[in-house]
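*Asks:* Mind looking at a prediction? Sequence and model below.
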Amino acid sequence: MIRRILLGSLLLALSVPLVGQDQKQVLREKLAALKQSMAANQAKLKTYAWVETTEMSLKGEVKKRDQFDCKYGADGKVQKTLIGAPAPKKEMRGLKKKIVDKKVDELKDYMDRVKSLVSRYVPPNSKDMQAAFQAGKASLTPPASLAFTDYVKPGDKVTLSLDPATKKLKQFYVSSYLDGPEDGVTLNVNFSSLADGTNHVEQILLDAAKKELQIKTTNFDYKKVGP
């Protein structure tokens, strides 16, 4: 009886590394499939032009709304052209103008920092994902998600939800921060597919809770402009 127990314990101990290896292999395969799908989809997306609408809200009130014509340039980067004239600025003078200008400058500086932070996560970078995988910072989350921790900053988290059938992205979620966890920034990106199957970002919602700031970006009216 003792011999059987010892044998059973030995077999169980030997099986644990195999399970870990199997999970790592599945993760490796899913990551490879995602990287391949993203590369193929990006090539198709570059043949489209579309309209982007951006709304900035502060403390629940929409402060700014812009609309752009968008397309990819020869350098592979998105080119944006403002639709319509910029909204006229209110005329102010004296002390009130100085106070408002100071607040605007502070908000602009904060927005520039948030924009810089977001650019480190979006669009998802296959090299960064591979590096996280190699560092043991990647995991599978049922039913079909890839999660990365300490992706750009210690304690941050990136989660990519995939369509099990097409291996395409359905949702991309980021939980990060500027100077510290108390200055958290979250990013929720939802994807949709065009008639030919090309995957694209449909909506992005950025939330900077400390400043009660939200930016919602919506992409629509996709039109073919290339072969």
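*Replies:* Nice, thanks for sending it over.
*Asks:* Show the model's pLDDT score for the residue nearest to S145 when sequence neighbours are not counted.
*Replies:* Spatial nearest neighbour of S145, chain neighbours left out: S161 (4.8 Å); criterion: CB to CB, 6 or more residues apart in numbering. Yep, even glycine has a C-beta here, placed from its N, CA and C like the rest. Predicted confidence (pLDDT) for S161: 91.
*Asks:* Just list whatever residues bridge to S161.
*Replies:* Beta bridges link S161 to S145, Q171, judged by DSSP bridges.
*Asks:* what's the spacing between it and P124?
*Replies:* Using CB to CB, to the nearest Å, S161 is found at 12 Å from P124.
*Asks:* thinking again about what came up before, how many neighbouring residues does the residue nearest to S145 have?
*Replies:* 17 (other CB atoms under 10 Å).
*Asks:* circling back to that earlier point, need the overlap of contacts for S161 and P124.
*Replies:* Counting by CB atoms under 8 Å, 6 or more residues apart in numbering, the common neighbours of S161 and P124 are 169, 172.
*Asks:* Where does pLDDT dip in the protein?
*Replies:* Counting by pLDDT under 70, the chain has low-confidence residues at 1-21, 86-105.
*Asks:* Which stretches in it count as strands?
*Replies:* 48-58, 61-72, 78-82, 138-141, 145-149, 157-162, 169-177, 184-193, 199-208, 213-224 (DSSP state E).
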